[in-house]
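Engineer: A structural model of the following input is requested.
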Amino acid sequence: MSIVLAPSLAGDPILLHWGAELGGSAHDGLAEALVPAVPHSALDSPRQRGLLGQTAAGDTGLPGLEGLRPDGTPRVWAPRITDWRWSVDDTGADACVGFAGRDPEAGWSVDLEVRLTAEGLVLLRTFVTNDASSSLVLAAVRSALPVPARATELLDLTGRWCRERTPVRRPWLAGTHLREGRHGRTGHDATLLLAAGVPGFGFGHGEVWATHVAWSGDHAAYAERTPEGECVLGGGELLGPGEVVLGPGERYDSPWLVGAWSEAGLDHASARLHSWLRRRSPRTRKTRPVLVNTWEAVYMDHRLETLTELAEAAAEVGVERFVLDDGWFRARRTDRAGLGDWEVDPEVWPDGLHPLVERVHALGMDLGLWVEPEMVNDDSDLVRAHPEWVLRGRSAAAPQWRHQQVLDLQHPDAYAHVRGRLLALLGEYPIAFLKWDHNRDLVDVAHQGRPAVHGQTVAFYRLLDELREAHPDLEIETCASGGGRIDLEVLTRTDRVWPSDTIDAVERQRINRWTSLLVPPEMLGAHIGGPVAHTTGRTLTTGFRAATALFGHLGIEWDLRAASAEERAEVAAWVALHKQLRPLLLTGRLVRGDHHDPAVVVSGIVAADRTEAWYVVATVDSPLSQAVGAVRLPGLDPAASYHVVDRTPPGARHRAYLGEHWLDGSDGVVVGGRALGEVGVGFPPLGPEVAHVLHVTAP
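Structural biologist: Below you'll find the predicted structure:
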């Protein structure tokens, strides 16, 4: 792909093209060819919207910069950045173009940084420096990328707790489609990608442009089509009143706006994002151990004998990591007490966690631990000793949320306390993994009289970075009541996400599918739950639950002590299957089938050389027709032939048909890659909540 940058007639940097590769000097003359005419009732000279939308230049859309001077000097409210200087660095894997401009009268200096990555992503961010002698209160700093007018359809995601990542499609009409997140964290309703495309684009077809705001606090994402015909996708941090105040010479760095273009649907844009994150975070290349998490097995009822029995059952089915969830620290018998007191409870664990560590290690597993360092309970020794460390926006306490409040990480003593406690735990115990939770929104919180979200987010990043520096091999999961904090900035600092607090496999089929637009499969926490879903009460077979979790960082959240011998054997078969395909998850390309029946969900992992692929074909509802018909398998080499075989482990499964079919224990079929992608393989009648695993290899 290509991007083409040029100066406008007024000297502002503009993006002339973001899309298909132009190659060589094919863009010569493009700037001249795209100069707009001057219409009636407009500025007397051609107006071209720059990378930085500026009200003072006549731009009518959302401005790139908003701010004010409390003392009124200089007496300029809308900056006009000019005198742009360019710099180019194409010596590394990514090409970088920098732009530096100023408005001496308003006292603003602005730097823009545009990167074209080796994977074909466009990254844009804005730096604002206060050049005046008075304070500058920033109201908004937005970054935006123009897209062609032929992108007339929008797709974004919304959601709620246990229903994250719900897709919404609409026509892209004139005006501004604005999505704001005011949760103090990324939010369950955050749109991971805001995508614009040609009508009817899907996972495997249609030209698509998509953007993402890489920020874990309050943020805004928008799509704007102006009456003048300009179309942009943009976003940035959502700043509260007076939240960021720049003193003389101080600078603000905006979050990255990340853009992904595809000529062949959402999957290709997603592949660019996955490849970039894998290169940015080499930890993603590590084999992901199968884990068991204790939450839905024992909740806060921690007893060494019980947990040892659970660990033994987990080891029997092939688990490699034992994660001790909430309930291990002082006074933590319910969710109403103990948060902030990050010391092992001597009443429950008189010898500390050492006996559990020894037994877990003896079974061939390492240990993980649940923490929620940014939160406190009022009923805690920390709050009793230091009530001033609790974030609040007024004299009264902020509203309770899950019986907890927020620790002010901008308070140096509070930050030092929680950092010290975490380092002490990591120093005393061989903890390989932290499940890092964040179970409430930041409601009515302030630090020194200003909105606290920006500073809290920066301090959270700093805390992660310092723990990483001290313990480079430590793995961290980002969890926020499930999928409430998932974005590219936190993903560069963590190893795994928890997409949702529901592991109901029907819900997770949808949630995992859309979360993986941004998140590579090896970072996607996917667990096999118990027979009855904890959050919905839905009863599902072991096979459907396991197949749903197969393409992710596999875990088990089930009291395996209560499972029958047959159930454990079935789980062990699925764990073994996951381990067989696990290496491909680290390097393969995730694909999603576009099927005409919304009840049929097709997901796949295809090797980089396309010699091997795995697919899961699942039904999340009763299919519309008697037989689902041919199911296409995307991503294969059209010139190759493939052996397709059903590798679904045996287990209890409802049969919606009576006769024999190639799926039934046969040696499979051999079909050409083009035919598999364009026509597919036939499936018999399928009932609801059924899944098949297909293994596809080039002979």
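Engineer: nearest spatial neighbour of residue 602, skipping sequence neighbours?
Structural biologist: residue 593 (2.8 Å; C-beta to C-beta, 6 or more residues apart in numbering). (C-beta placed from N, C-alpha, C; glycine too.)
Engineer: Equivalent analysis for residue 376, please.
Structural biologist: In space, residue 376 comes closest to residue 340 once its chain neighbours are excluded; the distance is 3.7 Å by C-beta to C-beta, 6+ apart.
Engineer: same deal with residue 597?
Structural biologist: Per C-beta to C-beta, 6+ apart, closest to residue 597 is residue 624, 5.0 Å.
Engineer: Quick check: that neighbour touching residue 595?
Structural biologist: No: look at residue 624 against residue 595 with C-beta atoms under 8 Å: they stay out of range, at 10.5 Å.
Engineer: what about these two, which has more around it?
Structural biologist: Using other C-beta atoms under 10 Å as the criterion, residue 624 and residue 595 rank with residue 595 on top: 20 against 11.
Engineer: got a list of what that one touches?
Structural biologist: Contacts for residue 595 (C-beta atoms under 8 Å, 6 or more residues apart in numbering) come out as 601-602, 628, 631-632.
Engineer: got the phi/psi numbers for the residue nearest to residue 376?
Structural biologist: When read as degrees, to the nearest 10, the backbone of residue 340 gives phi 110, psi -20.
Engineer: Numbering from 2 from now on, please.
Structural biologist: Sure thing, new numbering starts at 2, so read that last one as residue 341.
Engineer: Please report the distance of it from residue 439.
Structural biologist: Counting by C-beta to C-beta, to the nearest Å, the separation of residue 341 from residue 439 is 14 Å.
Engineer: These two - which one has more neighbours?
Structural biologist: When residue 341 and residue 439 are compared for neighbours, residue 341 comes out ahead with 31 against 22, by other C-beta under 10 Å.
Engineer: Contacts only, for the more buried one.
Structural biologist: Residues counted as contacts of residue 341 (C-beta under 8 Å, 6+ apart) are 376-378, 381-384, 408, 419.
Engineer: at 10 Å instead, please
Structural biologist: By C-beta atoms under 10 Å, 6 or more residues apart in numbering, residue 341 lies in contact with 330-331, 373-387, 390-391, 405-406, 408, 415, 418-419, 422.
Engineer: how deep is residue 657 tucked in, by neighbour count?
Structural biologist: With other C-beta under 10 Å as criterion, residue 657 counts 17.
Engineer: do residue 476 as well
Structural biologist: Residue 476 has 21 nearby residues by other C-beta under 10 Å.
Engineer: cool, residue 159 as well?
Structural biologist: 16.
Engineer: Quick check, it in contact with residue 192.
Structural biologist: Yes: Residue 159 lies in contact with residue 192 (C-beta atoms under 10 Å); the separation is 6.8 Å.
Engineer: Need the residues touching each of these two.
Structural biologist: Residues touching both residue 159 and residue 192 (C-beta under 10 Å, 6+ apart): 166, 168-169, 180.
Engineer: got a winner among these for most neighbours?
Structural biologist: residue 166 (25 neighbours).
Engineer: Kindly provide the distance from that one to residue 639.
Structural biologist: For residue 166, the distance to residue 639 - C-beta to C-beta - is 31 Å.
Engineer: again, but for residue 307
Structural biologist: From residue 307 over to residue 639 (counting by C-beta to C-beta), the distance is 54 Å.
Engineer: now do residue 473
Structural biologist: Remark: distance between residue 473 and residue 639 (C-beta to C-beta) = 43 Å.
Engineer: Looking at those two, which is more packed in?
Structural biologist: A side-by-side neighbour count of residue 473 and residue 639, using other C-beta under 10 Å, places residue 639 first with 12 against 8.
Engineer: My assumption is that residue 504 lies in a strand; please confirm.
Structural biologist: No: the assignment for residue 504 (DSSP: H, G, I helix; E, B strand; the rest coil) gives coil, which keeps it out of a strand.
Engineer: Next up, the contacts around the spatially closest residue to it that is not a sequence neighbour.
Structural biologist: Closest residue to residue 504 apart from its sequence neighbours, by C-beta to C-beta, 6+ apart: residue 530 at 4.0 Å. Taking C-beta under 10 Å, 6+ apart, we find residue 530 in contact with 297, 503-506, 509, 536, 539, 541, 543, 546-547, 549-550, 556-559.
Engineer: 6 Å instead, please
Structural biologist: 504, 546, 558-559 (C-beta atoms under 6 Å, 6 or more residues apart in numbering).
Engineer: and what of residue 187?
Structural biologist: 217, 486-488.
Engineer: Give me the below-cutoff pLDDT ranges for this structure.
Structural biologist: The chain contains residues with pLDDT under 70 at 283-285.
Engineer: What is the longest helix of it by residue count?
Structural biologist: helix 566-588 (DSSP state H).
Engineer: Partner strands of the next helix or strand along the chain from that helix, with direction?
Structural biologist: Toward the C-terminus, helix 566-588 is succeeded by strand 590-594 as the next helix or strand (DSSP states H and E). Strand 590-594 pairs in its sheet with strand 601-607 (antiparallel), by DSSP bridges.
Engineer: what's the following helix or strand after the partner strand?
Structural biologist: Using DSSP H and E, the first helix or strand after strand 601-607 is strand 613-620.
Engineer: Apply the buried test to the contacts of residue 341 and list what passes.
Structural biologist: Buried subset of those (neighbour count, 16 or more other C-beta atoms under 10 Å): 330-331, 373-381, 383-384, 387, 390-391, 405-406, 408, 415, 418-419, 422.
Engineer: Can you pick out the ones from those that are in helices?
Structural biologist: Among the buried ones among the contacts of residue 341, the ones falling in helices (DSSP H) are 383-384, 415, 418-419, 422.
Engineer: circling back: residue 526: which of the shared contacts of residue 159 and residue 192 is nearest?
Structural biologist: residue 166 (13.8 Å; C-beta to C-beta).
Engineer: which ones are touching that closest one?
Structural biologist: If a contact means C-beta under 6 Å, 6+ apart, then residue 166 has 158, 160, 512, 515-516 as its contacts.
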